[in-house]
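Engineer: pasting the sequence and the predicted model now:
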Number of protein chains: 2
Amino acid sequence: MRNQGRDTEFPIYISTTIVEGFAWISGKLFEIVQKMAKRAIAVLSFSIALFTLAQQSSCSQPFKPFSFHRAPRFPGRSSTSKLRHLYDSQLSKQVPRYGYETRYFEQHLDHFSFSKLPKFNQRYLISSEHWSGPGRLGPIFMYCGNEGDIEWFAANTGFMWEIAPSFGAMVVFPEHRYYGKSMPFGSKEKAYKDATTLSYLTTEQALADYAELITLLKRNLSAEACPVVLFGGSYGGMLAAWMRLKYPHIAIGALASSAPILHFPDIVKPESFYNIVSNDFKRESTSCFNTIKASWDALTAEGKKKNGLKRLTRMFRLCGELKNTDDLAGWLDSAYSYLAMVDYPYPSDFLMPLPGYPIREVCRKIDGCPDGTSILERVFEGVSVYYNHTGEVDCFDLYDDPHGMSGWDWQACTEMVMPMTSNPDTSMFPEYDFDLSYYKEDCRTQFKVNPRPRWITTEFGGKDIMTTLKTFGSNIIFSNGMLDPWSGGSVTQNVSDSIVALNTQEGAHHIDLRAATAQDPVWLVEQRATEIKLIKKWLSDYYQAKGATI
Amino acid sequence: MRNQGRDTEFPIYISTTIVEGFAWISGKLFEIVQKMAKRAIAVLSFSIALFTLAQQSSCSQPFKPFSFHRAPRFPGRSSTSKLRHLYDSQLSKQVPRYGYETRYFEQHLDHFSFSKLPKFNQRYLISSEHWSGPGRLGPIFMYCGNEGDIEWFAANTGFMWEIAPSFGAMVVFPEHRYYGKSMPFGSKEKAYKDATTLSYLTTEQALADYAELITLLKRNLSAEACPVVLFGGSYGGMLAAWMRLKYPHIAIGALASSAPILHFPDIVKPESFYNIVSNDFKRESTSCFNTIKASWDALTAEGKKKNGLKRLTRMFRLCGELKNTDDLAGWLDSAYSYLAMVDYPYPSDFLMPLPGYPIREVCRKIDGCPDGTSILERVFEGVSVYYNHTGEVDCFDLYDDPHGMSGWDWQACTEMVMPMTSNPDTSMFPEYDFDLSYYKEDCRTQFKVNPRPRWITTEFGGKDIMTTLKTFGSNIIFSNGMLDPWSGGSVTQNVSDSIVALNTQEGAHHIDLRAATAQDPVWLVEQRATEIKLIKKWLSDYYQAKGATI
C-alpha cells in the first residue's frame, strides 16, 4: 500500500490518433421488421436526441429516436433532403462554437463483472481554459452525455460554457457509450451487431463510465478535492440526477433539466405526455384543439373512402403514395409532440427552423383557414408550420428511411421502458393503451431481447420519491418547462431543502441549458440566475465542509 | 400501462424442491499454486466468515477465508479433526434455533447488462411469524448475506430475531450469490469453474440481487409501502451500508456492524489492522506485547540453526514437519489477529471455544511462564489458548487443506482489495509492506483475473466520507467494537445527525448482532438499546413522512 503511489495500471488518456482508424460505418445495420413501424409503441424520445438526428443526417448511420405513439415519428427525416441539407449547413456552424480538446479514455465494457471483454475508448471533450485549477479547488462541470454524438450536446449546452468562466470551472463532456465515437468493439457496425454486442448499452454502465473517467481525470490532475457539478438535459438530465444519487462521492450536485425520471411504470400517469401536448394546443386555441381532436376520425373516414388514400396523398403533399392512414396519423402525432417539446418563446432551429411559440402559429393556421376548409386541410396547414416553416419543402416523405437501428431503440427495449398512453377524455389524441406484452414481443422480434420494465425503478427508485428523498440526498435541481410534455414525468415539486424543482410555466424542453439569446424572456433569465445561485451554494457548502478558503 | 397490473413476467418463488437436486460438490475445485500460500498478501477476512468455515468443515468444500499476512491463516483448519468435530456438534445445535422458511428466487446473473446468461436461484430465509403485515406497514428486517452459507448468518444474528417481535417485523435473510446454496450455473463446481463463471461474483451484483428480491417480495405481498431496515456484520455490514446509500428507495436505514468500508486504498492507514491487534495485547500486558514482538526474530533465528525446524516442530507440537518459519509465523499471526476479533467479554465459541477476554488469558499464559522459559515456548503457551483452549488437541496441522478455493479469494482478487501492512514501530508485528504488483501477479496466476483495486472506492466512495455524506444520505449506524482490528477501517465518527458511529471500547467484531446472553456487559446492553432506539426513530420518521398512523 505504502509503495503504491498512483496506480500505474490505470488506463491513461489515449491520444485521438489512436482511434483515428475508427470505422464510421455507413448503411443500415439491421433489418427491421416492417411491421414495427406500424405498431403503436409509445416510448421516450427527446428533442435533444432529435436535434442530433437532424444533424447526423450527413453521417452514415443517422440517429433514430425510438418514439412511437400511433406510429413511429421521424420528423427530421420526413423533410426533404434539400431542407435537411439546409439544416446541416446551418447547424454545422454551431459545432466549433466552444473551444475544447477531444480525448479518449479506455473503459471496461462491463464494470460490474469481471468477464473477459474487450475494453473500449470513450470520447470526451474537455476544456480547462477557465479552470482555476486544483490549488483553488476549481470546480469541474461535467455534462452527462445522452443518446447521441457528444459534440452536438456540447454545442447545444451553451449554459455550461457561458457560466464556466465565472466559476473558474473546467468543462467536461463525456460521450455516452455506444453513441458518437464511443463505440465498443471498435466500430458501430460491430457494437450494434446483435443483442450480445449491444448488451452492455445500459444506463448503469454509462454512469460507471462517467464515474471512472472523472475519478481518474481528477487523480491525474491532482484534483481529487475539486468538486464536480453535473449537468444534463432530457435523458442526460436523468443520468445527471441518478449519478448524483448513486455517486455522491463523485459529484456534489446535479442540474437535471427536463429529466423525466418518474416516467416509468406505476409512478406517473402514462397519459401525462399526451395530455400536456394537448393542453399546449388548448391554451392557444380551443377551436384548434378541437379541430385536431376531430381530425383523427376524419382521417380514418377519408382513408376508408374510395381513392381516399390517394386524396390524402395529394392533400398532404406526400412524396410517395400513402399506404394507410395510421402512417399519416403518426406523422401528425409526431409533429404535435415535437412542437410541444420545442414550444420555445423565440424562433429556434433546435429541431426544425421554427417561429417563436410555434404552437401558437400552428393554431393560427388551423383556425385561420377560410370557412369551408375541411378539418384535414386545416391540420395540414397547421403541421406545415412544423414540417415546412421555411416553405422550401416540395413534398413530405413519411417513409424516409424506415430502416436502421439506434442505440435508443435498444435502450427502450431493455431498461428504458417508459409507457405512454393517450386518453380522448383528457387529450386531443385518440385512445391508446400501452400493451406490455405486445411491446415485449416487438423487442424480442427486433433485438431478441427481453425488456426488464421494472428494473429502472428497482435500480434508481422514483416511486414515492417525496418520502424516499425527503431525508436522503441533496443538491439536485430538477428544472422543468411546463409546456414540455416530458414535464409530466419529471420531478416538479421541491423534495427537500436542496432537492428542488424549478418550473417555468412558459418553458419547454430543457431550454435553460441552451445558450443565452437576446430574446430570452425574463422568466428564463431568472431561472438560469436561480440555477447559478444554487450551484454557488453547493460549492460554498462544499468548500466550507472542506475547510477551504477559496 | 393501464393494462399491466402486476407484472406476470417476473419470476416467482421457486419451491425448495426445485433445487433439491443441487449438487453439493465435494473435493477441491481448482489447483492452487502452492506458492500462493507462501506469499504475503494481506486481505480481509472476517470472523463471521471464519465461523462459517468452522461450521462447514463437514461440507465437502469448506469455506476458506482469504487472509494472509506473512502467510495464510486458517485457524479453523489448523485444529485437529477431533476438535473440529466437537465444534460442529456444538454449533449444529444453534442452527435451527430460529424458525424460518427457506425459499428460492430466480435472479439475473448480470443485472447491469443484457447478456444472454442463465438465471440462477438465490436462496433466502424468511419469517413472517411476527410481521404486523402490510395493513400496518409492518417493517421488514433484511440481513445482507455475507460470504458464506446464509443459515449460519441467520443462526448467529440473534439480535434481529430477538427484536423482530417487538417491531412486528418480518425477517429476511437472502444469501449472497456464489455462497451456500445460491450457486449460478446450477452447482458450486460449475460456478467456481474458472474466471468466466466466477466473473459475476461482485458486490454490486449482490446488492442488485437483494434489491430485486425485496422489491418483488414486497410487491407480491402488496407490501410496497412497508419499510425495509437492513442489517449486516463484517462484509455483510459493508453491504448493508452500501445498500442504504445506493438503494435509499428500497431501505430506510441500515445497521452496519463492524463494516470496514474505509479499508481501501488511500483512505485509512493500511497498518491500522495490525496496530489494533497489537494494542489489544498491549492493553493487557506490555511484557506480553514485548514477548510477542521479540518472538519473530527468535523464530527466524531458531529456524536458521541446525535442526531448528525440527525443534520448532516439537516445541509447537506440529503434526507434520515444519517446512519453514514463515509458515509458523503465519500460524501465530493468525491466532493473534483472530483473538483480537473475538476478544469478547464472555466465553464464546464463535470461532473457537474461548474464555472471556481471551487475549487476557493468552497474556496470562505468556507472562506466567516460569523464569527461564524461552520466548518461543511462551508464545506457544499463549496461542494454545486460541488453538487448544479445551486441551483436546494432540497436534497442530499448519498444512491442513492448503488447497481449495473460495468465493472470498475471488472477491479479494477482483474488487475487495483491502491492503494491509504492519509496522514494527507501532505494532508487535514485523515490518510488512503491501506490494500491489505482487498481489496482482498472484491473482493473475490464481484466477487469471486482473484486480481493480480502485473500483470499490469509485463505485462506493469512502475517501473524505465526512464531506461527502455530511449533507447526503441518512439513517446508517456504523457500530464498532474498538478492540476489533477491523474498526480501523470502519466509520468511527458521527458523519451527520443520522449517519452515526456507535463505538464500544470493549467490544470486538460485531458482537452487537449476536443473541443476548446473561453475561452481556452493560455497555453491550446499552449499545443494543441505542440501536433499537435509532431504528425506531427511522421507522417513525418514515411513517410520519407517509402520513401513516401505525
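Structural biologist: Received the coordinates, thanks.

Engineer: next, the contact list for the residue in the stretch 351-500 of chain A positioned nearest to chain B, please.
Structural biologist: Ranked by C-beta to the nearest C-beta, the top residue of the stretch 351-500 of chain A for proximity to chain B is residue A:461, at 2.8 Å. Heads up, the C-betas are built off the backbone N, CA and C, glycines and all. Residue A:461 sits next to A:245, A:468, B:247-250 when contact means C-beta atoms under 8 Å, 6 or more residues apart in numbering or on different chains.

Engineer: lowest pLDDT pick from those?
Structural biologist: Within these, residue A:468 has the lowest pLDDT, namely 92.

Engineer: looking at this, that one is in a helix?
Structural biologist: Yes - judged by DSSP: H, G, I helix; E, B strand; the rest coil, residue A:468 forms part of a helix.

Engineer: count of neighbours near it?
Structural biologist: 21 (other C-beta atoms under 10 Å in any protein chain shown).

Engineer: could you give the bridge partners of residue A:462?
Structural biologist: Beta bridges link residue A:462 to residue A:464, judged by DSSP bridges.

Engineer: and the pLDDT at it?
Structural biologist: For residue A:462, pLDDT reads 93.

Engineer: might one say that it is in contact with residue A:266?
Structural biologist: No - assessed by C-beta atoms under 8 Å, residue A:462 is found out of contact with residue A:266, at 9.1 Å.

Engineer: those two: who's more crowded?
Structural biologist: Of the pair residue A:462 and residue A:266, residue A:462 is the one with more neighbours under other C-beta under 10 Å, namely 24 against 18.

Engineer: list the contacts of the more buried one.
Structural biologist: Taking C-beta under 8 Å, 6+ apart, one finds A:261-262, A:264, A:267, A:456, B:249 in contact with residue A:462.

Engineer: I'd like the contacts of residue A:461 as CSV, with distance to residue B:138 and secondary structure appended.
Structural biologist: Below are those laid out as CSV (distance: C-beta to C-beta, whole Å; DSSP: H, G, I helix; E, B strand; the rest coil):
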residue, distance to residue B:138, secondary structure
A:245, 27, helix
A:468, 19, helix
B:247, 20, coil
B:248, 20, coil
B:249, 19, coil
B:250, 16, coil
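
Engineer: now those residues in CSV, please, with extra columns for distance to residue A:452.
Structural biologist: Below are those laid out as CSV (distance: C-beta to C-beta, whole Å):
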residue, distance to residue A:452
A:245, 20
A:468, 21
B:247, 16
B:248, 21
B:249, 17
B:250, 16
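
Engineer: among those, who's most crowded?
Structural biologist: Counting neighbours by other C-beta under 10 Å, residue A:245 comes out on top of these with 27 neighbours.

Engineer: confirm residue A:441 sits in a helix?
Structural biologist: Yes - under three-state DSSP, residue A:441 sits within a helix.

Engineer: so what's the residue count around it?
Structural biologist: For residue A:441, the tally of surrounding residues (other C-beta under 10 Å) stands at 12.

Engineer: count the residues that sit near residue A:490.
Structural biologist: 27.

Engineer: again with residue A:268
Structural biologist: 20.

Engineer: and what about it, helix, strand or coil?
Structural biologist: Per three-state DSSP, residue A:268 ends up coil.

Engineer: surely it touches residue A:489?
Structural biologist: Yes - applying C-beta under 8 Å, one finds residue A:268 in contact with residue A:489, separated by 5.1 Å.

Engineer: would you mind listing what in the stretch 151-300 of chain A touches chain B?
Structural biologist: A:195-196, A:198-200, A:202, A:204-205, A:208, A:211-212, A:215, A:224-225, A:245-250, A:265, A:270 (C-beta under 8 Å from any C-beta of the partner chain).

Engineer: got any ranges where chain A has weak pLDDT?
Structural biologist: A:1-96, A:399-405, A:548-550 (pLDDT under 70).

Engineer: show me where it has its strands.
Structural biologist: For chain A, the strands defined by DSSP state E cover A:101-107, A:120-127, A:140-143, A:170-174, A:228-233, A:253-257, A:476-481, A:499-504.

Engineer: got a list of contacts for the fifth one?
Structural biologist: What that stands for is strand A:228-233. A:46, A:48, A:139-144, A:146, A:153, A:157, A:159-160, A:169, A:214, A:218, A:238-241, A:243-244, A:250-259, A:509-510, A:513, A:535, A:538-539.

Engineer: let's see that with 7 Å instead.
Structural biologist: A:48, A:139-144, A:157, A:160, A:214, A:239-240, A:243-244, A:250-259, A:510, A:513, A:535, A:538 (C-beta atoms under 7 Å, 6 or more residues apart in numbering or on different chains).

Engineer: now do the shortest one
Structural biologist: Applying C-beta under 7 Å, 6+ apart, the external contacts of strand A:140-143 come out as A:153, A:157, A:160, A:164, A:169-173, A:210, A:214, A:226, A:228-232, A:236.

Engineer: only the buried residues of stretch A:151-166, if you could.
Structural biologist: By neighbour count on 16 or more other C-beta atoms under 10 Å in any protein chain shown, the buried set for stretch A:151-166 is A:151-161, A:163-164.

Engineer: now do stretch A:375-385
Structural biologist: Within stretch A:375-385, the residues scored as buried using 16+ other C-beta under 10 Å are A:375-376, A:378-385.

Engineer: neighbouring contacts of that stretch?
Structural biologist: Residues contacting stretch A:375-385 (C-beta under 7 Å, 6+ apart): A:291-292, A:294-295, A:298-299, A:302, A:315-316, A:332, A:335, A:358, A:361-362, A:365-366, A:369.

Engineer: before we move on, back to that, return the subset of the buried residues of stretch A:375-385 lying in helices.
Structural biologist: Counting by DSSP state H, the part of those found in helices is A:375-376, A:378-385.

Engineer: tabulate the residues you listed in CSV, adding columns for distance to residue A:323.
Structural biologist: Converted to CSV, these look like this (distance: C-beta to C-beta, whole Å):
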residue, distance to residue A:323
A:375, 22
A:376, 17
A:378, 23
A:379, 19
A:380, 18
A:381, 23
A:382, 23
A:383, 19
A:384, 21
A:385, 25
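
Engineer: the closest residue to residue A:175 other than its chain neighbours and chain B, how far apart?
Structural biologist: Of all residues not flanking residue A:175 in the chain, residue A:150 sits nearest, at 3.6 Å (C-beta to C-beta, 6 or more residues apart in numbering or on different chains). Applying C-beta to the nearest C-beta, to the nearest Å, the value for residue A:150 to chain B is 21 Å.

Engineer: give the other helices and strands that the longest helix along chain A contacts.
Structural biologist: In chain A, taking DSSP H as the definition, the longest helix is helix A:522-546. For helix A:522-546, the elements it packs on are strand A:253-257, strand A:476-481, strand A:499-504, helix B:465-470, judged by 3 or more C-beta pairs under 7 Å, 6 or more residues apart in numbering or on different chains; DSSP states H and E.

Engineer: of those, which stretch is the most buried?
Structural biologist: With neighbours defined by mean count of other C-beta atoms under 10 Å in any protein chain shown, none of the helices and strands packed on helix A:522-546 is more surrounded on average than strand A:253-257, at a mean of 31.

Engineer: direction included, what does it pair against?
Structural biologist: Short version: by DSSP bridges, strand A:253-257 pairs with strand A:228-233 (parallel), strand A:476-481 (parallel).

Engineer: quick one: contacts for residue A:257?
Structural biologist: A:232-233, A:237, A:479, A:510, A:512-513.

Engineer: hang on, I meant residue A:237
Structural biologist: A:256-259, A:510.

Engineer: these two touch, right, residue A:362 and residue A:336?
Structural biologist: No - contact status for residue A:362 versus residue A:336: not in contact, 8.2 Å apart, counting by C-beta atoms under 7 Å.

Engineer: neighbour count for those two, which is higher?
Structural biologist: Shown here are residue A:362 and residue A:336; by other C-beta under 10 Å, residue A:362 has more neighbours (29 against 25).

Engineer: no further queries at this time; thank you.
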